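Chemist: Need coordinates for the below:
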Amino acid sequence: MSIVIERVCLEGIKSYGEKTTIDLGAGVTAILGDNGAGKSTIQEAVGYALFDSHPFTNQDRLVRDGESSGEIAVTFTNRTTGAQYTVRRWAGRSKYEVHDGDGDNLSLDGTSEIKGWICDQLGIDDAEDLAEVWERSVGVAQTDFLADFTKTETERIDTFDPLFDIERYREAYKSLGGLDEAFDDDIRDHRDEIIGLDAKLEELPDVEARVEEHETTIAELADDIEQLDADIEEFEDERERLEAIEEDLRDAEQELAALEETKIPAQEENLESAKERRDEAKKASETLEAVREGYERNEAAQDRLDELQERRSEREALEDERNDLGNEIDLLKHRVADAKDDRRAAERARERVRELEPEKERYEELQEVVSQLEDDAERLDDIEDELADIDADIEELRAEAADREAAIEEAETRREEAETLAARQDERQDLLAERKSLEAERDELREQNEELRAIDIGDGSAVSCPTCDQPVTADHRESVIERNRERIEELTAERLPAIAEEISTVEERIEAARAAKEATDRIPRLEREHESIEEEIDELKTEKLEYEAERDDLEARVDELPDKREAMADREGVSEDYHTAKATIESADGTAETLRDARERLGERLVAYRQLGDELADFDGLDGDIETTKETIAETEEPHRTYIQNEPVAESLDERQAAVDDEGEALASLRAERQEVQEQVAELDDEFDAARLDDIKEELGERRETRAKREQQRQNSEDGLADARERLDELEEKRGRKAELESEVTELERDREFARWARDSLQQGAEDLRDLTTSEIGDRANDIYQALRAAPTETLVWDRTYNLRVRVRGQNKPFDTLSGGEKMAAALSVRLAVLERLATVGMAFLDEPTANLDRGKRENLVSQLERFDQLNQLLVISHDRTFESMTERTVELEKDDDRELTRVVSD
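Modeler: Numbers count the residues shown, from 1 in each chain. Okay, here's the model as predicted:
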């Protein structure tokens, strides 16, 4: 896939303070303006938003001074699908979004998911390659445009290898180092385990014999137990039949005894008791008739007393209401008097407020001044804390700067070792080639011996020796085979192990040199970090001076605070008196209305009090009537109580007579049941045989004892069988494990050989791929260079170490010796050729590509770029207007130096 950037919108980014939109599009676009106009900022913003390229260690440096964050919005069209998207990313904030053409958020989760989505749009396989593709190809920074070609060989390889995925070969080769030893360890461990398993498997035949013996014994015992179970079942059936008869006989005899000794006598007693209770009910009925008149008088008196007590409750309620009115009347009289006092106090308070008003206003002015000074004091404390924090930060940064200086010095001491890497790698290649040659010689000698052994000598006249073309005789064959064997032994035992040891030593030196190179490669980054730290220290020192100036100003003001507090304290009593008087006035508001309401309510309550006195007169004589009624109740209390006590018993007469009848019928039923049980006992006694039951129990015990012995024997055999089978399973598992290990050993040996071959192939593959890549790109770069320079006799060479030079009439001119224009033309030619190779992205930025080119060379460059159709979009950043003639569009930028703001002049 490829994309075309339609527009870039910047707000709060470096010199783009206000929201600024730069319209771009397909084809060639020239972004023109004076130095410092903000042209390169567009390139940096696109790299940051789309390629996750971080031009600064701290992305806050993209943010305009004075702003907390800045926003970048890049709108592009996918040329394959035609869909349009906008990627929005903020500097100074962790916010990253993608919107479709309708403005809807794609809801991608976090930076890693957004980077993966962008890779799909650009046709880049791995999100980790995004920044590398941008910084080394699509959007090379102006500072790196030439610098990449002036680096050391190791630095150049580390710069360009990742761009062509060659670095993956080196990483894969390194990751496979140590596999050979790991395979040897695994094979040795497997073989040791196989030896241990062989020793344990020697007892397998004995265990199989024990299993078979236990199985035979268990089968014989099972037959015996089956016969015993049949005998036991037969005896148990007979025993159960006789025991059932015995139990029925015992139950019948017990039932007969219960009837004669318990049930029938108890029922006879129940019948007599029922008759006595019936007679008691008859006597109670006679007593009710005797006391009925007194009972009825008592009931009537009780009803009359209830009515009179209700009347007394009404009287008591009226008395309570009259007492409450009396209390309220007293309260209202006091309230009238209090209202008169409040009105007089309010008049005195108004006079006091007029006296205190000027002093109260002065107190409030002092209070406001003190509050402001206290805020200043708090700010002064905060500044002291800030200054302490700044001092701590400066010390911490100085320590970091010292660490960076120490790291740079330590890395510099290893530079000489780092520069030996290429020589060490060449040494390793020579050793690998020698080992490969010797292994081929050994294999060829082995094949010759096999071929000689397979020859049927006969008379020896018709067969020629494969090594010297002489006729083969028995002596000659043995001589050649012996000579070959000695050479094979020499190679196997001496030469090849010696070379392997040398290779190991060289690889250790290579790793040490590579580590040293990595350390020296970090020097530029460490220097940049050191510079950044020093800048941050300077910024903190400036900030510290600002805080100290503010502190001095605040200290002068805060010195007034004690005097102001003392003056305010002198007037605190005035403020309190003033507010007390105001409260008195406010509380007195409405006193006249309160007085009027209290007088009205007092008159109403006096009238109601007199009315309640008149209603209470109607209850005179009530207490006498209550006493007379209570005397009547007392006179009739005895007959009333007697009636109440006998009434329940008298009412149960019919029920008690029915109980007498039921008990009589139950007694007759029990006497009939006794006759039936007597007959059943006689029949069961004739059927039961006690002697036969004893014989069966004895036989049953003998059979069970025999069966238990057989069962125990079978259990012992089954336990033995289980143990033998468990051991057999263990041995079978070990036999399977042995077969598995033997198979794994074979597989491990094959894998070890493949790993050796793969590692060698990866190392050689990296070298071959670099040769092929630099050859193809170098040829194309030479074509572009000759066209740019208009000098067909000059040849641009980009070799396998990414070293760039120009050959003129057979003489090589290193890149460092070229003029400024030659360097720019050479670097630009390679960059354009690389872009062709990485054409899936479909676009590129060129920042000041005409630097150091004379007019003729600039015009040649413009002409070449016009014909460079491998890209869908080319954006040229320059202060040189030569490009205006060749571009589809021109964006001209201008910077307002007073406001430090960039604006689009024309597009």
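
Chemist: Tell me how far stretch 891-901 lies from the chain's centre.
Modeler: Taking C-alpha atoms, centre = their mean, to the nearest Å, one finds the center of stretch 891-901 at 47 Å from the center of the full chain.

Chemist: List the contacts of it.
Modeler: With contact meaning C-beta atoms under 8 Å, 6 or more residues apart in numbering, stretch 891-901 is reached by 15-18, 22-24, 29-34, 36-39, 65, 902-907. Every residue, glycine included, has its C-beta placed from N, CA and C.

Chemist: Ala493 and Gly17, how far apart?
Modeler: 78 Å (C-beta to C-beta, to the nearest Å).

Chemist: same deal with Glu208?
Modeler: 92 Å.

Chemist: Repeat that for Asp393.
Modeler: For Asp393, the distance to Gly17 (C-beta to C-beta) stands at 28 Å.

Chemist: These two: which has the busier surroundings?
Modeler: Gly17 (21 against 15; other C-beta atoms under 10 Å).

Chemist: Identify the residues contacting the more buried one.
Modeler: Gly17 neighbours (C-beta under 8 Å, 6+ apart): Glu11, Arg64, Glu67, Arg899, Glu900, Leu901.

Chemist: sorry, back to before: quick one, which of the contacts of stretch 891-901 are buried?
Modeler: In the contacts of stretch 891-901, burial by neighbour count holds for 15-17, 22, 24, 29-33, 37-39, 902-904, 907, counting by 16 or more other C-beta atoms under 10 Å.

Chemist: which of the contacts of Gly17 lies closest to Tyr578?
Modeler: Nearest to Tyr578 out of the contacts of Gly17 is Glu67 (C-beta to C-beta; 50.9 Å).

Chemist: give me the number of residues near that closest one?
Modeler: Glu67: 15 surrounding residues under other C-beta under 10 Å.

Chemist: Once you drop chain neighbours, what's closest to it?
Modeler: Gly12 (4.4 Å; C-beta to C-beta, 6 or more residues apart in numbering).

Chemist: what does Ser68 give?
Modeler: Closest to Ser68 by C-beta to C-beta, 6+ apart is Gly92, at 5.9 Å.

Chemist: got it, and Glu155?
Modeler: Nearest residue to Glu155 in three dimensions, chain neighbours excluded: Asp521, at 5.9 Å (C-beta to C-beta, 6+ apart).

Chemist: mind checking pLDDT for the residue nearest to Ser68?
Modeler: On pLDDT, Gly92 comes in at 83.

Chemist: Return the distance of whichever strand or helix holds His476 from the chain's centre.
Modeler: Assigned by DSSP states H and E, His476 belongs to helix 474-490. On the basis of C-alpha atoms, centre = their mean, helix 474-490 sits 70 Å off its chain's mean C-alpha point.

Chemist: Name the residues that touch that helix?
Modeler: 441-442, 445-446, 448-449, 452-453, 455, 457, 460, 465, 467-468, 470.

Chemist: Let's see which of those residues end up in helices.
Modeler: Among the contacts of helix 474-490, DSSP state H puts Glu441, Arg442, Leu445, Arg446, Gln448, Asn449, Leu452, Arg453 in helices.

Chemist: Among those residues, the buried ones, what's the ChimeraX command?
Modeler: Buried residues within the ones in helices among the contacts of helix 474-490, by 16+ other C-beta under 10 Å, are selected in ChimeraX with:
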select :442,445,448,449,452
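
Chemist: mind listing the strands for this structure?
Modeler: Taking DSSP state E as the test, the strands found in the chain are 3-11, 20-23, 27-32, 70-78, 84-91, 96-100, 794-798, 804-808, 811-814, 843-847, 873-878, 889-896, 901-906.
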